[in-house]
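Colleague: predicted model and sequence below, questions to follow.
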Amino acid sequence: MSLLELLRSDGSIIINKKLAHAIGVDATIMYSELISKHFYFEARQELTDDGFFFNTVENMQADTALSKYQQSKAIKKLVELDLIKHRNKGLPQRRYFKVMLNSELKVSQLLAAGEKLKNSTFKSKKTKQTEVEKVDSNNTKVNNTDLINKEKGANREFALSFYSFKSKYSVDEESIEVIEHYLDRYHFYQRKSHPNLKAHQWQTVIDELYYGECNKPDGYEEFTGYELKYIIDEHFKTKYENCDYNILHFISGQIRALRYYELGC
């Protein structure tokens, strides 16, 4: 029996304690459930040709008790660690996942890191993060927040364009596409370029872009890059009081969710 098969959850929520210490409880629950679903669909020959399967937010919440927001954070963590792939496709868009079956070495390293952390209860959060980063040292994704925090004085407070930010830091292609669409709409409606932002502000935009506050029980709504483009268009057609249409305003409060609902999504 393979390591991934041992981590599958089936009818119960079963998680590996060492892995939970390494990547967090929610991400471990999500990973265990996705592994279980992978083997389920594989046995039924219902995986796509490239190994993906479809699963809704509602189904995952029923199976794991993880809210939409918790799922989003867990998915982001698992993708960053290259343990899964995630994409949205179709109209209306559906959520697809692929468990990376060649990740057993990575999982073994995470389990080893988790064992160290389990035996060192009083380690600081920074030390724990370092243990996991050692495992992920071959991942091409750069931890922008760490780089920004290491910068000192004027460099950290210096405002820069998004073009300069994406040239200096790691930004995924979908986020680049969405943000550049926003900046294009800003230039069209405001007749000027969007103001420069500090590096940590651009990073906040990227971190918060895909989920925002709403009045649902779990308090959050999740958006795809495809949906965000329509939300952005609706945003610039909306008249606000004392609004400069800065992208920081766009990611604040319930603005995205309200425009999302107005579009009938």
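Modeller: On my side now, so go ahead. Please read all numbers here as calculations on a predicted model, not as lab measurements.

Colleague: okay, now Tyr31: neighbour count?
Modeller: Applying other C-beta atoms under 10 Å, we find 30 residues neighbouring Tyr31. For every residue, glycine as well, the C-beta is placed using N, CA and C.

Colleague: next up, the contacts around it.
Modeller: By C-beta atoms under 8 Å, 6 or more residues apart in numbering, the contact list for Tyr31 reads 7, 19, 23, 74, 78, 83-84.

Colleague: and those, which is closest to Asn119?
Modeller: Leu19 (14.7 Å; C-beta to C-beta).

Colleague: so how far is Ala22 from the closest residue to the closest one other than its chain neighbours?
Modeller: Spatial nearest neighbour of Leu19, excluding adjacent residues (C-beta to C-beta, 6 or more residues apart in numbering): Thr28 at 4.9 Å. Here the criterion is C-beta to C-beta, to the nearest Å. By it, Thr28 lies 8 Å from Ala22.

Colleague: also Leu81?
Modeller: Taking C-beta to C-beta, one finds Leu81 at 9 Å from Ala22.

Colleague: which is the next helix or strand following the lowest-mean-pLDDT helix or strand in the chain?
Modeller: Across the helices and strands of the chain, mean pLDDT, DSSP states H and E gives its lowest value to helix 125-135, namely a mean of 54. Later in the chain than helix 125-135, the nearest helix or strand by DSSP states H and E is helix 144-150.

Colleague: now the strands: where do they sit in the stretch 1-150 of the chain?
Modeller: Assigned by DSSP state E, counting those that start in this stretch, the strands in the stretch 1-150 of the chain fall at 53-54, 84-89, 94-99.

Colleague: that older thread, list only those of the contacts of Tyr31 flagged as buried.
Modeller: Listed as buried from the contacts of Tyr31 are 7, 19, 23, 74, 78, 83-84; burial here means 16 or more other C-beta atoms under 10 Å.

Colleague: lowest-confidence one in the residues you listed?
Modeller: Minimum pLDDT for those is recorded at Leu7 (64).

Colleague: point out where the stretch 101-250 of the chain drops to low pLDDT.
Modeller: Across the stretch 101-250 of the chain, the ranges flagged by pLDDT under 70 are 120-143, 145-146, 151-156, 218.

Colleague: which stretches of it form helices?
Modeller: In the stretch 101-250 of the chain, the helices defined using DSSP state H, counting those that start in this stretch lie at 104-118, 125-135, 144-150, 153-157, 162-168, 173-190, 199-208, 225-237, 247-250.

Colleague: of all those, which one is nearest Ala62?
Modeller: helix 225-237 (23.1 Å).

Colleague: so the closest one versus strand 84-89, what angle?
Modeller: Angle of helix 225-237 versus strand 84-89, following axes from the mean of the first three to the mean of the last three C-alpha atoms, to 10 degrees, is 50 degrees.

Colleague: check which helices and strands helix 225-237 sits against.
Modeller: If you count contacts as 3 or more C-beta pairs under 8 Å, 6 or more residues apart in numbering; DSSP states H and E, helix 225-237 packs onto helix 173-190, helix 255-262.

Colleague: can you give me the buried ones in that helix?
Modeller: So for helix 225-237, counting by 16+ other C-beta under 10 Å, buried means 225-229, 231-232, 235.

Colleague: over to stretch 47-58?
Modeller: Within stretch 47-58, judged by 16+ other C-beta under 10 Å, the buried ones are 47, 51-55.

Colleague: mean confidence for that stretch?
Modeller: 92.

Colleague: circling back to that earlier point, the residue nearest to Leu19 against Ile13, yeah?
Modeller: No: applying C-beta atoms under 8 Å, one finds Thr28 not in contact with Ile13, separated by 9.8 Å.
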